[in-house]
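Undergrad: Fold the following, please.
(4 chains)
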Protein chains: 4
Amino acid sequence: MYFMAGVVRFGVSLDPDLLKRFDEIIKKRGYSNRSEAIRDLIRRLLVEEEISQPEKRVVGVISIVYDHDFNDITHKLLHIQHSQHSKVRSTMHIHLDERNCLEILVVEGKTIEIKSFAEKIQSLKGVKYSELNLFVPP
Amino acid sequence: MYFMAGVVRFGVSLDPDLLKRFDEIIKKRGYSNRSEAIRDLIRRLLVEEEISQPEKRVVGVISIVYDHDFNDITHKLLHIQHSQHSKVRSTMHIHLDERNCLEILVVEGKTIEIKSFAEKIQSLKGVKYSELNLFVPP
Amino acid sequence: MYFMAGVVRFGVSLDPDLLKRFDEIIKKRGYSNRSEAIRDLIRRLLVEEEISQPEKRVVGVISIVYDHDFNDITHKLLHIQHSQHSKVRSTMHIHLDERNCLEILVVEGKTIEIKSFAEKIQSLKGVKYSELNLFVPP
Amino acid sequence: MYFMAGVVRFGVSLDPDLLKRFDEIIKKRGYSNRSEAIRDLIRRLLVEEEISQPEKRVVGVISIVYDHDFNDITHKLLHIQHSQHSKVRSTMHIHLDERNCLEILVVEGKTIEIKSFAEKIQSLKGVKYSELNLFVPP
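TA: Coordinates of the predicted model:
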């Protein structure tokens, strides 16, 4: 069990009032203990730091909403994805309503490449909204 | 063609220097014209406004990274999803490396419900990182 | 010494690799020890949680850039501030260049009031850009 | 009047439903017309783009909350500011309560320098919370 073996332990000192408010919020959010919540805070800090480096290899989740009836948008989306096919790992498609689609692309590459790729997709006529999230192996 | 029929047109006045910098950035990002870029800015404003309303019905994309070897995390993730099955529209799973998985959940519900659901998933032991994006029909 | 007296101590367990990357980043950012960095992460979590509550009393820092030559913008800015004078605690003014000013307003009130006040200021003709930061007594 | 002279005008085409929701939100936020709201959206886009460039000269607003009773924090804050005095343009100080202070520093320099400076201040023991906002001449 890697979890039993590999763990390091250290102490944190806190003002009692700060600890009380921390305990309330982690209870509300459903954490089983403080270590678990602090690990999440630390991982979030690391991800923020690492995705700010342009050459860092990351995984990106690009979520777009588009109108599938708009001209040849579906063709263009496929074309742009295939031109970068080594970056696109997988996609998922959801029919939001009669006209709108939600498509989620999982992509891999350098931060700077993924951001540029996401901007290109967002700028396509017919793509109405998009979000990009970046992840590093945690 | 709804696009031909339904369009409204209005004028925008800008300082020439501001317009020059705007044109540079939309060219860099790949927009075909100013209208297209301005529509995206407006949609982003609307989404920001609407997802700040707790009772608004939204679509959420929850992306999580977790360690599938960690205890019964896969079981717990399935359990929590089935307990909210009416909210979960679809999921996608990517094997990041030997240990880590990226799982993407598309969920529907009120803003306040989706946020709370995302917090519950993030707080599960074994879930290392998560992001939530909210969308409204654009 | 409140710091000596009031402090509570608890243990955190971490994966060694995660700890190594955490140590690198806190060294880079200048923290003297892990407790100090973790306290900052916890405070950031608390502030995020609390400023999402509309009725919470907060302190806001509104930073605006505006063109002081534009019509009667300075008059309007003073007028809007005096109409809400019980909220405005203090202001600071910086001459950025020949035309542009940076003005920083420190305001107090409920989250929902401060956000609305900041939007009103941002929407004034002549105000070119603004940012709002919210703080709670830590 | 630079405003009368220098202005450029162009047309934007929008879906009527999108325009209706846009008009509602700009009315709620207090804009006098669409051009004014669109100028703000464009400026925000430009600032986002420009502050992502490490070497860009920017103005930063660093807001910190700290405990003035904590050891020699006030001395350290002054020391770190004077060591970078060419960057610090002005400061403002607010007494939040018996123990806590809000201090706002207006700084100038390259994006990468300002971010690093803000991290150093945030990492000081006694500094409980901080925010950084970056501005470019608009």
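
Undergrad: Ignoring the adjacent residues along the chain, who's closest to A:F22?
TA: C:I42 (5.1 Å; CB to CB, 6 or more residues apart in numbering or on different chains). Heads up, the C-betas are built off the backbone N, CA and C, glycines and all.

Undergrad: May I have the secondary structure class of that neighbour?
TA: When classified by DSSP: H, G, I helix; E, B strand; the rest coil, C:I42 comes out as helix.

Undergrad: Now do A:K120 against chain B, distance only.
TA: Counting by CB to the nearest CB, to the nearest Å, the gap from A:K120 to chain B is 5 Å.

Undergrad: Can you say which helix or strand has that residue in it?
TA: helix A:111-122 (DSSP states H and E).

Undergrad: Next: A:P54.
TA: In the assignment (DSSP H and E), A:P54 maps to no helix and no strand.

Undergrad: Now it: closest residue in space, sequence neighbours ignored.
TA: Nearest to A:P54 is A:I112, by CB to CB, 6+ apart, at 3.9 Å.

Undergrad: what's around the residue nearest to A:F22, how many residues?
TA: For C:I42, the neighbour count with other CB atoms under 10 Å in any protein chain shown is 23.

Undergrad: Enumerate every residue touching it.
TA: Shown in contact with C:I42 (CB atoms under 8 Å, 6 or more residues apart in numbering or on different chains): A:14, A:18, A:22, A:38, A:41.

Undergrad: ok, back up a step: next secondary structure element downstream of the helix holding A:K120?
TA: strand A:127-135.

Undergrad: between that following strand and strand B:127-135, how many degrees?
TA: 170 degrees (axes from the mean of the first three to the mean of the last three CA atoms, to 10 degrees).

Undergrad: The helix or strand hosting A:I38 versus helix A:111-122: what angle between them?
TA: Using DSSP H and E, A:I38 falls within helix A:34-50. Here helix A:34-50 points in a direction 80 degrees away from that of helix A:111-122 (the same axes, to 10 degrees).

Undergrad: What residues sit buried inside helix A:34-50?
TA: Of the residues in helix A:34-50, A:34-47, A:49-50 count as buried by neighbour count, 16 or more other CB atoms under 10 Å in any protein chain shown.

Undergrad: wait, what's in contact with the residue in chain A positioned nearest to chain C?
TA: Per CB to the nearest CB, A:L41 is where chain A lies closest to chain C, at 4.1 Å. Shown in contact with A:L41 (CB under 8 Å, 6+ apart): C:38, C:41-42, C:45.

Undergrad: One more pass at 6 Å, please.
TA: C:L41 (CB atoms under 6 Å, 6 or more residues apart in numbering or on different chains).

Undergrad: quick one: it from chain B, how far?
TA: 11 Å.

Undergrad: Tell me the pLDDT of that residue.
TA: Listed pLDDT for A:L41 reads 96.

Undergrad: just A:F22 next, same as before
TA: pLDDT, read off for A:F22, is 96.

Undergrad: and it, backbone torsions?
TA: Per-residue torsions, A:F22: phi -60, psi -50 (degrees, to the nearest 10).

Undergrad: Find the nearest non-adjacent residue to the residue of chain A most remote from its centre, please.
TA: In chain A, the residue that sits farthest from the middle, by CA atoms, centre = their mean, is A:P16; the gap is 34.1 Å. Of all residues not flanking A:P16 in the chain, C:V8 sits nearest, at 5.1 Å (CB to CB, 6+ apart).

Undergrad: Contacts only, for the one you found.
TA: Residues in contact with C:V8, defined by CB under 6 Å, 6+ apart, are A:14, A:16, A:19.

Undergrad: Between those, which sits nearest D:V88?
TA: Distance ranking of the contacts of C:V8 against D:V88, using CB to CB, places A:L14 first at 31.2 Å.

Undergrad: which secondary element of chain A has the worst mean pLDDT?
TA: helix A:2-5 (a mean of 47; mean pLDDT, DSSP states H and E).

Undergrad: Beyond that one, next helix or strand please.
TA: Assigned by DSSP H and E, the successor of helix A:2-5 is strand A:8-14.

Undergrad: Put the alpha carbons of that next one into PDB.
TA: Included here for strand A:8-14 are C-alpha records, laid out as PDB according to Å, rounded to 0.1, in the frame of the first residue of the first chain:
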ATOM      1  CA  VAL A   8       5.400  12.000   5.400                       C
ATOM      2  CA  ARG A   9       4.000  13.800   8.400                       C
ATOM      3  CA  PHE A  10       4.600  17.400   9.600                       C
ATOM      4  CA  GLY A  11       3.000  19.800  12.000                       C
ATOM      5  CA  VAL A  12       1.100  23.000  11.300                       C
ATOM      6  CA  SER A  13       0.400  25.600  13.900                       C
ATOM      7  CA  LEU A  14      -2.700  27.800  13.600                       C
END
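
Undergrad: Could you check the angle that strand makes with strand C:8-14?
TA: Going by the same axes, to 10 degrees, strand A:8-14 makes 150 degrees with strand C:8-14.

Undergrad: Report the distance from strand A:8-14 to the chain centre.
TA: Its chain's C-alpha centre and that of strand A:8-14 lie 29 Å apart, by CA atoms, centre = their mean, to the nearest Å.

Undergrad: and it, which strands flank it?
TA: As defined by DSSP bridges, the strand partners of strand A:8-14 come to strand C:8-14 (antiparallel).

Undergrad: Find the nearest non-adjacent residue to A:H68, please.
TA: A:C101 (5.0 Å).

Undergrad: which element is A:V107 on?
TA: Take DSSP H and E as the rule and A:V107 turns out to sit in strand A:100-110.

Undergrad: Now render the contacts of C:V8 as a markdown table, adding pLDDT.
TA: Output for the contacts of C:V8, formatted as a markdown table (pLDDT from 0 to 100):
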| residue | pLDDT |
| --- | --- |
| A:L14 | 92 |
| A:P16 | 93 |
| A:L19 | 95 |
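
Undergrad: picking that back up, so how far is D:Q122 from the residue nearest to A:P16?
TA: 23 Å (CB to CB, to the nearest Å).

Undergrad: Next to chain C, which bits of chain A? Give me the list.
TA: A:6-9, A:11-16, A:19, A:21-22, A:25, A:35, A:38, A:41-42, A:46, A:49 (CB under 6 Å from any CB of the partner chain).

Undergrad: Could you rerun that using 7 Å?
TA: Residues of chain A lying close to chain C (CB under 7 Å from any CB of the partner chain) are A:6-16, A:18-19, A:21-22, A:25, A:34-35, A:38-39, A:41-42, A:45-46, A:49.

Undergrad: wait, isn't A:D15 in contact with C:G6?
TA: Yes: using CB atoms under 7 Å, A:D15 is in contact with C:G6, at 5.9 Å.

Undergrad: More neighbours: which of these two?
TA: Shown here are A:D15 and C:G6; by other CB under 10 Å, A:D15 has more neighbours (18 against 13).

Undergrad: List phi and psi for the more buried one.
TA: Dihedral angles (degrees, to the nearest 10) for A:D15: phi -60, psi 140.

Undergrad: State the pLDDT value of it.
TA: 90.

Undergrad: ok, it to A:L77 distance?
TA: 52 Å.

Undergrad: for A:G6, same thing?
TA: 43 Å.

Undergrad: May I have the phi/psi pair for A:D97?
TA: Given degrees, to the nearest 10, the pair of backbone angles that A:D97 has is phi -150, psi -160.

Undergrad: Could you find the closest non-adjacent residue to it?
TA: B:P137 (6.1 Å).

Undergrad: doesn't A:R99 make contact with the one you found?
TA: No: taking contacts as CB under 7 Å, B:P137 lies outside contact range of A:R99: 9.1 Å.

Undergrad: who's in contact with A:I94?
TA: A:I94 sits next to A:101-102, B:89-90, B:106 when contact means CB atoms under 7 Å, 6 or more residues apart in numbering or on different chains.

Undergrad: redo that, cut-off 10 Å
TA: By CB atoms under 10 Å, 6 or more residues apart in numbering or on different chains, A:I94 lies in contact with A:63, A:65, A:100-104, B:59, B:61, B:89-90, B:106, B:108.
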